[in-house]
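J.: quick one, fold the following:
(one chain, ligands or ions: 1)
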Amino acid sequence: MTFDFSGKVVLVTGAAAGLGFACAQAFVTAGARVVITDISQAALDKAVAELQGEGGEVLGLLNDASKSADVNALLDKIVERYGRLDIAVNNAGTSSPLSDFHEVAESEFDRVLAVNLKGVWLCMQAEIRQMLKQGGGCIVNMASATSRNTYPGAAPYVTSKFAVAGLTRTVAVDYAERNIRINAICPGNVATPLVLSMVEDLSVLSAKHAMKRLGTPAEVANGVLYLASDLSSFSTGSLLEVDGGWNAI
Ligand SMILES: NC(=O)c1ccc[n+]([C@@H]2O[C@H](COP(=O)([O-])OP(=O)(O)OC[C@H]3O[C@@H](n4cnc5c(N)ncnc54)[C@H](O)[C@@H]3O)[C@@H](O)[C@H]2O)c1
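T.: Numbering: from 1, shown residues only. As a prediction, the model looks like this:
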(Lines give C-alpha, C1' and ligand atoms only; values in the text may rest on other atoms or scores of the structure.)
Protein backbone atom coordinates (compact mmCIF):
# COMPACT_ATOMS: atom_id res chain seq x y z
CA MET A 1 0.00 0.00 0.00
CA THR A 2 1.42 3.39 -0.94
CA PHE A 3 0.65 7.03 -0.18
CA ASP A 4 0.86 9.88 -2.68
CA PHE A 5 2.09 13.23 -1.35
CA SER A 6 3.30 14.54 -4.73
CA GLY A 7 3.90 18.28 -4.63
CA LYS A 8 3.14 18.60 -0.91
CA VAL A 9 5.52 20.57 1.28
CA VAL A 10 6.23 18.66 4.48
CA LEU A 11 8.20 19.67 7.57
CA VAL A 12 9.57 17.03 9.96
CA THR A 13 11.36 18.38 13.03
CA GLY A 14 14.16 16.43 14.72
CA ALA A 15 14.50 14.27 11.62
CA ALA A 16 18.24 13.54 11.47
CA ALA A 17 17.68 10.26 13.32
CA GLY A 18 15.14 7.81 14.64
CA LEU A 19 11.43 8.17 14.01
CA GLY A 20 11.73 11.62 12.41
CA PHE A 21 14.15 10.28 9.82
CA ALA A 22 11.83 7.35 9.10
CA CYS A 23 8.94 9.78 8.59
CA ALA A 24 11.03 11.96 6.26
CA GLN A 25 12.04 8.86 4.31
CA ALA A 26 8.42 7.75 3.96
CA PHE A 27 7.33 11.21 2.75
CA VAL A 28 10.21 11.25 0.24
CA THR A 29 9.08 7.85 -1.07
CA ALA A 30 5.55 9.25 -1.38
CA GLY A 31 6.77 12.15 -3.55
CA ALA A 32 6.69 15.06 -1.09
CA ARG A 33 9.13 17.96 -0.88
CA VAL A 34 10.53 17.48 2.61
CA VAL A 35 12.15 19.94 5.00
CA ILE A 36 13.99 18.29 7.87
CA THR A 37 15.41 20.02 10.93
CA ASP A 38 17.73 19.02 13.72
CA ILE A 39 20.11 20.49 16.30
CA SER A 40 23.04 18.47 14.99
CA GLN A 41 24.55 19.78 11.73
CA ALA A 42 26.61 16.65 11.15
CA ALA A 43 23.65 14.33 11.63
CA LEU A 44 21.50 16.60 9.47
CA ASP A 45 24.03 16.57 6.61
CA LYS A 46 24.19 12.79 6.73
CA ALA A 47 20.39 12.46 6.73
CA VAL A 48 19.96 14.92 3.84
CA ALA A 49 22.59 13.08 1.79
CA GLU A 50 20.87 9.76 2.41
CA LEU A 51 17.41 11.09 1.51
CA GLN A 52 18.69 12.85 -1.60
CA GLY A 53 20.40 9.62 -2.58
CA GLU A 54 16.95 8.04 -2.53
CA GLY A 55 15.82 10.69 -5.03
CA GLY A 56 14.11 13.02 -2.59
CA GLU A 57 13.74 16.80 -2.82
CA VAL A 58 15.02 17.52 0.66
CA LEU A 59 16.07 20.67 2.49
CA GLY A 60 17.93 20.34 5.80
CA LEU A 61 17.86 23.24 8.24
CA LEU A 62 19.72 23.49 11.53
CA ASN A 63 17.03 24.44 14.01
CA ASP A 64 16.19 24.18 17.69
CA ALA A 65 12.46 23.49 18.09
CA SER A 66 12.51 24.84 21.66
CA LYS A 67 13.57 28.38 20.61
CA SER A 68 10.87 30.67 19.28
CA ALA A 69 13.25 32.80 17.19
CA ASP A 70 14.57 29.63 15.52
CA VAL A 71 11.10 28.28 14.86
CA ASN A 72 9.79 31.53 13.41
CA ALA A 73 12.86 31.83 11.16
CA LEU A 74 12.29 28.24 10.05
CA LEU A 75 8.77 28.98 8.85
CA ASP A 76 10.03 32.10 7.05
CA LYS A 77 12.64 29.99 5.23
CA ILE A 78 10.10 27.32 4.24
CA VAL A 79 7.67 29.90 2.88
CA GLU A 80 10.48 31.77 1.11
CA ARG A 81 11.56 28.54 -0.59
CA TYR A 82 8.24 26.78 -1.30
CA GLY A 83 5.55 29.43 -0.72
CA ARG A 84 3.58 27.20 1.66
CA LEU A 85 3.62 24.44 4.28
CA ASP A 86 1.08 21.67 3.77
CA ILE A 87 2.03 19.19 6.49
CA ALA A 88 4.05 19.49 9.69
CA VAL A 89 5.25 16.61 11.83
CA ASN A 90 6.36 17.94 15.20
CA ASN A 91 8.65 15.09 16.13
CA ALA A 92 11.72 16.63 17.84
CA GLY A 93 12.01 15.20 21.30
CA THR A 94 14.40 14.28 24.05
CA SER A 95 14.54 11.78 26.89
CA SER A 96 15.65 11.84 30.50
CA PRO A 97 17.59 9.25 32.52
CA LEU A 98 15.23 7.10 34.58
CA SER A 99 15.24 8.35 38.14
CA ASP A 100 13.17 8.55 41.34
CA PHE A 101 10.81 11.50 41.02
CA HIS A 102 12.09 13.19 44.23
CA GLU A 103 15.62 13.21 42.79
CA VAL A 104 14.79 14.93 39.48
CA ALA A 105 16.60 18.27 39.20
CA GLU A 106 14.56 21.33 38.30
CA SER A 107 16.93 21.88 35.37
CA GLU A 108 16.08 18.43 34.02
CA PHE A 109 12.35 19.18 34.19
CA ASP A 110 13.00 22.46 32.31
CA ARG A 111 15.20 20.79 29.67
CA VAL A 112 12.77 17.98 28.83
CA LEU A 113 9.66 20.16 28.86
CA ALA A 114 11.39 22.81 26.74
CA VAL A 115 11.87 20.40 23.84
CA ASN A 116 8.99 17.95 24.21
CA LEU A 117 6.22 20.39 25.14
CA LYS A 118 7.29 23.97 24.46
CA GLY A 119 8.89 22.86 21.19
CA VAL A 120 5.60 21.40 19.96
CA TRP A 121 3.75 24.48 21.21
CA LEU A 122 6.06 26.91 19.37
CA CYS A 123 6.10 24.88 16.16
CA MET A 124 2.31 24.58 16.13
CA GLN A 125 1.91 28.34 16.61
CA ALA A 126 4.23 29.20 13.72
CA GLU A 127 2.79 26.45 11.48
CA ILE A 128 -0.82 27.45 12.17
CA ARG A 129 -0.08 31.13 11.41
CA GLN A 130 1.11 30.03 7.97
CA MET A 131 -1.68 27.48 7.46
CA LEU A 132 -4.31 30.13 8.22
CA LYS A 133 -2.75 32.40 5.58
CA GLN A 134 -2.86 29.66 2.92
CA GLY A 135 -6.30 28.33 3.87
CA GLY A 136 -5.44 25.07 5.63
CA GLY A 137 -2.97 22.38 6.51
CA CYS A 138 -2.35 19.30 8.56
CA ILE A 139 -0.29 18.77 11.72
CA VAL A 140 0.85 15.50 13.31
CA ASN A 141 2.43 15.70 16.76
CA MET A 142 4.70 12.96 18.03
CA ALA A 143 3.14 11.93 21.34
CA SER A 144 3.77 8.50 22.89
CA ALA A 145 2.22 5.40 24.40
CA THR A 146 3.16 7.29 27.58
CA SER A 147 0.71 10.03 26.62
CA ARG A 148 -1.96 7.81 28.19
CA ASN A 149 0.07 5.39 30.28
CA THR A 150 2.89 5.58 32.80
CA TYR A 151 6.52 4.49 32.80
CA PRO A 152 8.39 4.00 36.10
CA GLY A 153 11.05 6.65 36.78
CA ALA A 154 10.23 8.71 33.70
CA ALA A 155 8.22 11.56 35.23
CA PRO A 156 9.66 14.41 33.08
CA TYR A 157 9.17 12.48 29.83
CA VAL A 158 5.72 11.12 30.70
CA THR A 159 4.57 14.53 31.91
CA SER A 160 5.67 16.10 28.64
CA LYS A 161 3.91 13.46 26.53
CA PHE A 162 0.61 13.68 28.49
CA ALA A 163 0.81 17.43 27.88
CA VAL A 164 1.37 16.98 24.13
CA ALA A 165 -1.83 14.91 24.03
CA GLY A 166 -3.82 17.63 25.80
CA LEU A 167 -2.30 20.36 23.64
CA THR A 168 -3.09 18.42 20.45
CA ARG A 169 -6.72 17.85 21.38
CA THR A 170 -7.34 21.40 22.57
CA VAL A 171 -5.79 23.15 19.59
CA ALA A 172 -7.41 20.70 17.15
CA VAL A 173 -10.83 21.79 18.38
CA ASP A 174 -9.88 25.47 18.10
CA TYR A 175 -9.01 25.13 14.39
CA ALA A 176 -11.39 22.33 13.36
CA GLU A 177 -13.59 24.72 11.38
CA ARG A 178 -10.62 26.43 9.73
CA ASN A 179 -9.43 23.54 7.56
CA ILE A 180 -6.49 22.63 9.81
CA ARG A 181 -6.46 19.05 11.09
CA ILE A 182 -4.28 18.32 14.11
CA ASN A 183 -3.69 14.80 15.40
CA ALA A 184 -1.07 12.98 17.43
CA ILE A 185 0.52 9.62 17.07
CA CYS A 186 1.27 7.54 20.16
CA PRO A 187 4.03 5.05 19.36
CA GLY A 188 5.09 2.21 21.54
CA ASN A 189 8.83 1.63 21.84
CA VAL A 190 11.15 1.56 18.86
CA ALA A 191 14.90 0.98 19.26
CA THR A 192 16.02 4.50 18.30
CA PRO A 193 19.00 6.37 19.80
CA LEU A 194 16.55 8.02 22.26
CA VAL A 195 15.30 4.69 23.63
CA LEU A 196 18.75 3.10 23.66
CA SER A 197 20.00 6.04 25.78
CA MET A 198 17.30 5.39 28.40
CA VAL A 199 17.07 1.61 28.63
CA GLU A 200 19.73 -1.09 28.42
CA ASP A 201 17.55 -4.19 28.39
CA LEU A 202 15.22 -3.98 25.39
CA SER A 203 13.48 -7.23 26.43
CA VAL A 204 11.96 -5.34 29.38
CA LEU A 205 10.48 -2.87 26.90
CA SER A 206 9.25 -5.59 24.55
CA ALA A 207 7.31 -7.16 27.42
CA LYS A 208 5.23 -3.98 27.85
CA HIS A 209 3.63 -4.47 24.44
CA ALA A 210 0.82 -6.98 23.92
CA MET A 211 2.66 -8.16 20.79
CA LYS A 212 5.80 -8.74 22.93
CA ARG A 213 8.05 -6.93 20.50
CA LEU A 214 9.21 -3.40 19.74
CA GLY A 215 7.89 -1.44 16.78
CA THR A 216 9.91 -0.44 13.74
CA PRO A 217 10.48 3.15 12.61
CA ALA A 218 8.57 2.37 9.39
CA GLU A 219 5.52 1.17 11.32
CA VAL A 220 5.37 4.52 13.14
CA ALA A 221 5.94 6.44 9.90
CA ASN A 222 3.00 4.60 8.31
CA GLY A 223 0.74 5.94 11.05
CA VAL A 224 2.09 9.47 10.60
CA LEU A 225 1.49 9.37 6.85
CA TYR A 226 -2.05 8.12 7.41
CA LEU A 227 -2.78 11.06 9.75
CA ALA A 228 -1.19 13.46 7.25
CA SER A 229 -3.19 12.06 4.32
CA ASP A 230 -6.75 12.56 3.12
CA LEU A 231 -7.49 9.00 4.23
CA SER A 232 -7.89 10.47 7.72
CA SER A 233 -9.96 13.47 6.53
CA PHE A 234 -12.57 13.07 9.31
CA SER A 235 -9.97 12.81 12.10
CA THR A 236 -8.86 15.74 14.18
CA GLY A 237 -7.88 15.84 17.84
CA SER A 238 -7.26 12.11 17.76
CA LEU A 239 -4.46 10.14 19.38
CA LEU A 240 -3.55 7.21 17.16
CA GLU A 241 -1.94 4.35 19.02
CA VAL A 242 0.78 2.52 17.10
CA ASP A 243 1.99 0.65 20.14
CA GLY A 244 1.68 -3.10 19.64
CA GLY A 245 -1.24 -3.12 22.07
CA TRP A 246 0.62 -1.50 25.02
CA ASN A 247 -2.30 0.72 25.97
CA ALA A 248 -4.84 -2.05 25.51
CA ILE A 249 -3.35 -4.21 28.25
N1 LIG B 1 11.63 5.77 20.04
C2 LIG B 1 10.51 5.51 20.71
O3 LIG B 1 10.30 4.40 21.20
C4 LIG B 1 9.48 6.57 20.88
C5 LIG B 1 8.23 6.19 21.39
C6 LIG B 1 7.26 7.15 21.53
C7 LIG B 1 7.50 8.44 21.19
N8 LIG B 1 8.74 8.80 20.70
C9 LIG B 1 8.93 10.19 20.34
O10 LIG B 1 9.35 10.25 19.00
C11 LIG B 1 10.15 11.41 18.81
C12 LIG B 1 11.47 11.01 18.17
O13 LIG B 1 12.11 10.12 19.02
P14 LIG B 1 13.28 9.16 18.58
O15 LIG B 1 13.14 7.95 19.40
O16 LIG B 1 13.35 9.08 17.12
O17 LIG B 1 14.50 10.02 19.15
P18 LIG B 1 16.01 10.22 18.61
O19 LIG B 1 16.77 10.75 19.76
O20 LIG B 1 16.44 8.95 17.98
O21 LIG B 1 15.83 11.33 17.51
C22 LIG B 1 15.37 12.62 17.89
C23 LIG B 1 16.04 13.66 17.02
O24 LIG B 1 15.56 14.94 17.47
C25 LIG B 1 16.67 15.83 17.53
N26 LIG B 1 16.39 16.90 18.48
C27 LIG B 1 16.52 16.85 19.84
N28 LIG B 1 16.21 18.03 20.37
C29 LIG B 1 15.87 18.84 19.36
C30 LIG B 1 15.45 20.19 19.27
N31 LIG B 1 15.36 20.96 20.37
N32 LIG B 1 15.18 20.71 18.06
C33 LIG B 1 15.31 19.96 16.93
N34 LIG B 1 15.71 18.68 16.95
C35 LIG B 1 15.99 18.13 18.15
C36 LIG B 1 17.84 14.96 17.93
O37 LIG B 1 19.09 15.56 17.60
C38 LIG B 1 17.56 13.67 17.14
O39 LIG B 1 18.15 13.69 15.87
C40 LIG B 1 10.31 12.05 20.17
O41 LIG B 1 9.36 13.08 20.32
C42 LIG B 1 10.02 10.90 21.12
O43 LIG B 1 9.58 11.33 22.37
C44 LIG B 1 9.73 7.89 20.55
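J.: where does the chain dip in pLDDT?
T.: For the chain, the stretches with pLDDT under 70 are 1.
J.: need phi/psi at the residue nearest the centre of it.
T.: With distances taken as CA atoms, centre = their mean, the residue of the chain nearest its centroid is Asn91 (2.0 Å). When read as degrees, to the nearest 10, the backbone of Asn91 gives phi -110, psi -30.
J.: OK, contacts around it?
T.: 12-15, 19-20, 23, 142 (CB atoms under 8 Å, 6 or more residues apart in numbering). C-beta here means a position set from N, CA and C on the backbone, and glycine is covered the same way.
J.: how about a cut-off of 6 Å?
T.: 12-14, 20, 142 (CB atoms under 6 Å, 6 or more residues apart in numbering).
J.: can you tell me how far the residue lying closest to Val9 once chain neighbours are set aside is from Phe3?
T.: Nearest residue to Val9, sequence neighbours excluded (CB to CB, 6 or more residues apart in numbering): Tyr82, at 4.5 Å. Plainly put, Tyr82 is 19 Å away from Phe3 if you go by CB to CB, to the nearest Å.
J.: what residues sit buried inside the helix or strand hosting Val224?
T.: Taking DSSP states H and E as the criterion, the element that holds Val224 is helix 217-228. Neighbour counts using 16 or more other CB atoms under 10 Å place 217, 219-228 of helix 217-228 among the buried residues.
J.: helices and strands around it, which ones?
T.: Helix 217-228 is packed against helix 18-29, strand 137-142, strand 180-187, strand 239-242, with contacts defined by 3 or more CB pairs under 6 Å, 6 or more residues apart in numbering; DSSP states H and E.
J.: helix or strand right after the first one?
T.: Heading C-terminal from helix 18-29, the first helix or strand you meet, by DSSP H and E, is strand 33-38.
J.: strand partners of that following strand, parallel vs antiparallel please.
T.: Next to strand 33-38 in the sheet, as set by DSSP bridges, lie strand 9-12 (parallel), strand 57-62 (parallel).
J.: and the very next helix or strand once past it, how far out from the chain middle?
T.: Later in the chain than strand 33-38, the nearest helix or strand by DSSP H and E is helix 41-53. Using CA atoms, centre = their mean, to the nearest Å, the distance from the centre of helix 41-53 to the centre of the chain it belongs to is 18 Å.
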